[in-house]
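Sequence and predicted structure are below.
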Protein chains: 2
Amino acid sequence: MQDLSRLCIHTATTKPWSIEIAVEQYARANVAGITVWRDALTGRNPATVGRAIRDAGLEVVSLCRGGFFPSVDADARARAQADNLRAVEEAEALGAPLIVLVCGADPAQSLDDSRAQIIEGIRAVAGRAQDAGVRLAIEPLHPMYADAKSAVNTMQSANDMCDAIQLPNVGVAVDVYHIWWDPGAFDQIARCGTAGRLFAFHVCDWRVPTRDLLLDRGLMGEGCIDIPRFRSAVEKAGFSGFNEVEIFSTDYWSGDQSAYLQRIIEAYRQHV
Amino acid sequence: MQDLSRLCIHTATTKPWSIEIAVEQYARANVAGITVWRDALTGRNPATVGRAIRDAGLEVVSLCRGGFFPSVDADARARAQADNLRAVEEAEALGAPLIVLVCGADPAQSLDDSRAQIIEGIRAVAGRAQDAGVRLAIEPLHPMYADAKSAVNTMQSANDMCDAIQLPNVGVAVDVYHIWWDPGAFDQIARCGTAGRLFAFHVCDWRVPTRDLLLDRGLMGEGCIDIPRFRSAVEKAGFSGFNEVEIFSTDYWSGDQSAYLQRIIEAYRQHV
């Protein structure tokens, strides 16, 4: 997409940069939005960071990430809920209208149990989030993360969970990296749109071969995902928000981040 | 399962062993069945190998693997079909009643196109296989292999493909490693049974963390898969064949294979 007015970048994408440098560099490059990872806020006042972001002309798109609700240990579940309530406070102070949820999974119990605990966890924080004007987006994660990162691994599972929760501020974040392989993904994106719960859209690419389960995501156009088809599908489903670039890559993190930012923008223009 | 009468091991599980050594060692350890990988037959006459296996008191459970049908290149697709016809000849000579299909995918085209070419490829070889008394099992592969190994990534997708193909000798191989994360897996195993197409059952475990996308499978009990629940589900669906141990692991391949075989048997007794 040539127009950058809907381009958002995650702070984790340019992880070597502090959030202050990221904000300055994104703004100078005409990036329009920023999604803030919580680790980028360490030692900072979220309200101050939020003001600095807006002063730089950027929009805060979301806070990443809440979630990680399940555990076999009830105390750990209580701590996770408390941490998610803190995330809601941070989002409110930062001025982020959305928290992305990496829902969690505990390999010491069944996925069914983890899913039930995710629903319980989301219900426990959604009311406070609603009061703060913050929405929560369940992000289905690729099935290779079902062991310890998320028991929600398809768009269908995320939609089913939203149906079970039935709260207006709980929806779904669509990330092409996690769902591109799923023959049911397009129908489920449409379902998500019909239900008015398509809250976010994340892009990157699946490298062939992928050398690491976590930190080998590709720039858009470097892999095998048909990103324009997914962008078209979410737009057809009514989504008009930001296209968020979220790339975890030891390769890219080890290089010059300014040059990398230019490559991100070029890849966005050509392959999103 | 204490009883070893349904224990089968894949030659790829003990890859450092030649097939001759594997047969001797498996038989001595009271393993009942063997699934032969095609690379283990290199330079050998499949009929001779098949006789040696039976003489040792083992049953040939299947030949691994056919498939890899899709390609953007029509010549490559024709070569793939020819190679699958050779696999049918090898299975017939070996006395293997089943070929497991890793169906393939070409990242240079859409998954829809790859799926259509898989159907075309299976149809092109199924008649010859039927004449040879050989069944073909579509093995859904974990979605992390959707780029280049298989465009069939769920039990539902495998069942849908069998419905499209509608041939009595085309069914499904269930491997817990690939489908354990899927909330729809149990319903689809039941559907598979009802259709009389549950042809094989493979076990190993998903290590937490998994350090490599291909070669870090765990012994049963080392990971987070509820294998007995899956065994119970396939048996409820009418399956009474072998429980096949298929583990790719650089760690295990680098150690003493005799000790490893004992660990496999112990893990089978305790965790299958």
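Okay, I see it.

Just the C-alphas of the strand ranked longest in chain A, formatted as PDB.
Ranked by residue count and defined by DSSP state E, the top strand of chain A is strand A:59-67. The C-alpha coordinates for strand A:59-67 follow below in PDB (Å, rounded to 0.1, in the frame of the first residue of the first chain):
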ATOM      1  CA  GLU A  59      -1.300   7.500  17.100                       C
ATOM      2  CA  VAL A  60      -1.200   4.900  19.900                       C
ATOM      3  CA  VAL A  61      -2.800   1.800  18.300                       C
ATOM      4  CA  SER A  62      -2.500  -0.800  21.000                       C
ATOM      5  CA  LEU A  63      -0.600  -2.000  24.000                       C
ATOM      6  CA  CYS A  64       1.100  -5.400  23.600                       C
ATOM      7  CA  ARG A  65       0.500  -7.600  25.400                       C
ATOM      8  CA  GLY A  66      -1.900  -8.900  28.000                       C
ATOM      9  CA  GLY A  67      -2.900 -12.500  28.500                       C
END
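
what are the pairing partners of it, and which direction each?
In the sheet, strand A:59-67 lines up against strand A:33-37 (parallel), strand A:98-102 (parallel) (DSSP bridges).

Do a quick rundown of the helices in the stretch 101-250 of chain A.
When assigned using DSSP state H, counting those that start in this stretch, the helices of the stretch 101-250 of chain A occupy the ranges A:111-131, A:155-165, A:176-179, A:185-194, A:227-236, A:250-253.

Packed most tightly, which of these would that be?
helix A:176-179 (a mean of 25; mean count of other C-beta atoms under 10 Å in any protein chain shown). (Glycine included, C-beta is placed from N, CA and C.)

which residues touch the residue nearest in space to the middle of chain A?
What sits nearest the mean C-alpha location of chain A, by C-alpha atoms, centre = their mean, is A:V100, with 4.8 Å. Contact analysis of A:V100 by C-beta atoms under 8 Å, 6 or more residues apart in numbering or on different chains lists A:35, A:62-67, A:137, A:139, A:173, A:200.

So what touches stretch A:243-252?
Outside of stretch A:243-252, the residues within contact range by C-beta under 8 Å, 6+ apart are A:1, A:6-10, A:12-13, A:15, A:33, A:35, A:61-62, A:64, A:175, A:177, A:200-204, A:212, A:214-220, A:231, A:260, A:264, A:268, A:272.

Among those, the buried ones, what's the PyMOL command?
Command for PyMOL, covering only those of those found buried under the criterion 16 or more other C-beta atoms under 10 Å in any protein chain shown:
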select buried, chain A and resi 6+7+8+9+10+12+13+15+33+35+61+62+64+175+177+200+201+202+203+204+216+217+218+219+220+231+260+264+268+272
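
From the contacts of stretch A:243-252, which land in strands?
Among these, the ones falling in strands (DSSP E) are A:7-10, A:33, A:35, A:61-62, A:64, A:175, A:200-203.

From chain B, how far out is A:F239?
22 Å (C-beta to the nearest C-beta, to the nearest Å).

ok, now A:V61?
27 Å.
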